[in-house]
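Engineer: This is a predicted model, with the sequence first.
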Amino acid sequence: MDSCIYENGKIFTSDSDQLYGEAMLVEDGLVRKVGTREEVEEMAPAGCARVDLGGRRVIPGFVDAHMHPVMLADFSRQISALPPKIHSIEELVQAIRQKREEQGPDGWIQGWGYDEGKFAEKRSITRWDLDRGCSDAPVSIIRTCGHIRCVNSRALELAGIDRNTPDPDGGEIERDENGEPTGVLKENARNLVTPFMPVPEREEKVENLAELGRLLTSQGIVAVTDMGNLDSGDNYPLYREAAEKGFLQEVGVYYMWDFFMDDPDFCIPRERFDRGQQIFVSGLKLIGDGSVSGRTAWMAEPYLGTDSCGISVCSDRQMETAIQFCKENHCQLSMHAMGTRAIARVVDRAAREEKWNDGPEPYVRVEHITDPAKDSVRKAAEKGIGFVTQPIFMYAEIESYLNNLGQEWMKRCYPVRDLLDSGVKLCFSTDAPATSWAVPSDPFPNIKGAVTRRAWDGTDCGQDQAVDVETAIILYTKESADMVGFDRLGQLREGYKADFLVLDRDILEIPAEEIDQVQVDQTYIGGRCVYSRNTRRK
């Protein structure tokens, strides 16, 4: 039996029955005991290995319950339109021009992460801006939220989009005062150009994933979810192949129903639902509305200075067929819903059903939860509907929230404290890469945003909705694992997987303003050290 005692540490377990310990016994990749040194010694076999933690803080490995790893991995090869690389539209134009010089004519130039609130010009990009960077090859830059794409004139021409092109259902082709498309394609309209865009070779996508896995390991992330693509590709096999190349994270995969609902041959093999595997399928994903920063989240009141309440993206048919599929396959349904109306729509519909899946995870989970009505919160708590939210959104995108909602409305958003007090099943995640942060998967700025309820620039985001750091870690470990249904993950307790982190400083004792400076010294998966920094902060 492979046994090891981890001693002389400050262990936070995320286990509500025993939150703290000073030593831990791990056997064959599982936690056997957490407690005092004496309690652990009593259970340890003679001659087992020992690791001196040196008084450092230990926490369970992070579980990111909502992200898009394949997209994040692919984006690593594209232009990043975010600080610290890009601070203005002019810098983005220059980056496009440089990319055009590097790759020559005809090939698509792609980028991600633009946020008009972070540009020095304080406005959105347009086709004419992108044309200045490159006019003889198509250009596409995805907004940070992932729900809006800006393309240049050449890309519009390839897709056949002009002033006479009608808006697709659940989407908008933005137009100027003369009726000409500006190049900004919102929600479902962003998909009008995807059939004309290059698809990375399979081998490249797998290599990108394997490389991303190494970054995630260094950030202490031991499990992730893939919340769907912007195309009809099947990511499940990609993760299986990436795992053969060293991708270590457990993965719960969701299929974006938009791309499969009309395919009569679509099915998910039963063996993919087995949560005992490193890679498994969790269920389906729907998009109910847009984003606050793009003014497309479907709110109950108009955005500041407008008469627009956002966009409802999902049709009744999409929702009903998705529910039917999930019921027949006993799998989970996830729906993106930021605005009050979008949240109410999915919660009201889900509340009419009884739990249809077999595991402990919620049968329905709702993503983002920016501004929920009290009635939606009550129903979710009563029916066990899960809420998945991202503190990093307001932390990183405060400029857009203030501009689109105003200060008072902004402070009411993401009411984490109220949700917990109401008994809603809640967890944290990043939605990487769909957020305005240079390293969007980094857990520590996310935790800082939840604990301080202040944005990166110090703006007060509603102090009454802050949580303590212990609660934030639990929402990022135990509750995230439970939300997806990961097997014996997210806690350091007997019988659970020994997936844990050793931190370079004590996240429970340092000032909250320094949480984003925390780094991972070591990451353990299954009791094996899979990442170690060369230098450690004392």
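Structural biologist: Sure thing, it's come through.

Engineer: In the chain, which residue is most central in space?
Structural biologist: Geometric centre of the chain, nearest residue: residue 431, 1.8 Å, by Cα atoms, centre = their mean.

Engineer: Just to check, that residue is in contact with residue 370?
Structural biologist: No - with contact defined as Cβ atoms under 8 Å, residue 431 does not reach residue 370; the gap is 12.0 Å. In this view, the C-beta of every residue, glycine as well, is placed from N, C-alpha and C.

Engineer: so what's in contact with these two at the same time?
Structural biologist: Jointly contacting residue 431 and residue 370 under the rule Cβ atoms under 8 Å, 6 or more residues apart in numbering are residue 393.

Engineer: got the buried residues for stretch 221-240?
Structural biologist: 221-230, 233, 235-236, 238-240 (16 or more other Cβ atoms under 10 Å).

Engineer: First-to-last residue distance for it?
Structural biologist: 18 Å (Cα to Cα, to the nearest Å).

Engineer: Could you tell me the average pLDDT over that stretch, please?
Structural biologist: Confidence over stretch 221-240 (mean pLDDT, whole number) is 93.

Engineer: which of the buried residues of stretch 221-240 lies closest to residue 421?
Structural biologist: residue 225 (26.1 Å; Cβ to Cβ).

Engineer: For the residue nearest to that closest one when sequence neighbours are not counted, list each beta-bridge partner.
Structural biologist: In space, and not counting its chain neighbours, residue 225 is closest to residue 252: 4.5 Å by Cβ to Cβ, 6 or more residues apart in numbering. On the basis of DSSP bridges, residue 252 is bridged to residue 225, residue 280.

Engineer: now residue 252: how far from residue 264?
Structural biologist: To residue 264, residue 252 is 26 Å away according to Cβ to Cβ, to the nearest Å.

Engineer: Then residue 151?
Structural biologist: Separation of residue 151 from residue 264 (Cβ to Cβ): 32 Å.

Engineer: So between the two, which is more surrounded?
Structural biologist: The residue with more neighbours, out of residue 151 and residue 264, is residue 151; 32 against 5, by other Cβ atoms under 10 Å.

Engineer: if I read this right, the more buried one contacts residue 193, doesn't it?
Structural biologist: Yes - Residue 151 lies in contact with residue 193 (Cβ under 8 Å); the separation is 5.8 Å.

Engineer: Overlap of the contact sets of these two?
Structural biologist: 138, 140, 159, 185.

Engineer: what about the third one, how many neighbours?
Structural biologist: It refers to residue 159. If we define neighbours as other Cβ under 10 Å, then residue 159 has 19 of them.

Engineer: Quick one: residues contacting it.
Structural biologist: Per Cβ under 8 Å, 6+ apart, neighbours of residue 159: 151, 192-193, 195-196.

Engineer: Which of the residues you listed sits closest to residue 172?
Structural biologist: Relative to residue 172, and with distances defined as Cβ to Cβ, the nearest of the contacts of residue 159 is residue 192, at 11.1 Å.

Engineer: For the residue nearest to that closest one when sequence neighbours are not counted, give its distance to residue 311.
Structural biologist: Nearest residue to residue 192 in three dimensions, chain neighbours excluded: residue 159, at 5.3 Å (Cβ to Cβ, 6+ apart). Using Cβ to Cβ, one gets 20 Å for the distance from residue 159 to residue 311.

Engineer: Next secondary structure after the helix or strand harbouring residue 24?
Structural biologist: Using DSSP states H and E, residue 24 maps to strand 23-27. Using DSSP H and E, the next helix or strand after strand 23-27 towards the C-terminus is strand 30-35.

Engineer: where does that following strand sit relative to the chain's centre, distance-wise?
Structural biologist: Computed by Cα atoms, centre = their mean, to the nearest Å, the chain-centroid distance of strand 30-35 equals 30 Å.

Engineer: Show me what counts as buried in whatever helix or strand comes next after it.
Structural biologist: As assigned by DSSP H and E, the chain's next helix or strand after strand 30-35 is helix 37-43. For helix 37-43, the neighbour count (16+ other Cβ under 10 Å) marks residue 40 as buried.

Engineer: How about stretch 66-78?
Structural biologist: 66-75, 78.

Engineer: can you check stretch 99-114 too?
Structural biologist: Neighbour-count burial for stretch 99-114 [16+ other Cβ under 10 Å]: 99-100, 108-114.

Engineer: Just give me the closest of the residues you listed to residue 332.
Structural biologist: Distances from residue 332 to the buried residues of stretch 99-114, taken by Cβ to Cβ, are shortest for residue 112, at 27.4 Å.

Engineer: what helix or strand does the closest one sit in?
Structural biologist: Using DSSP H and E, residue 112 sits within strand 109-114.

Engineer: For that strand, which strands pair with it and how are they oriented?
Structural biologist: Here, using DSSP bridges, strand 109-114 pairs with strand 79-80 (parallel), strand 139-143 (parallel).

Engineer: so which of those gets nearest residue 332?
Structural biologist: Minimum separation from residue 332 across the strands paired with strand 109-114 (Cβ to Cβ) falls at strand 139-143, 26.4 Å.

Engineer: State the mean pLDDT of the closest one.
Structural biologist: Averaging pLDDT along strand 139-143 yields 95.

Engineer: Residue 114 and residue 121: what is the separation?
Structural biologist: Taken as Cβ to Cβ, the span from residue 114 to residue 121 is 12 Å.
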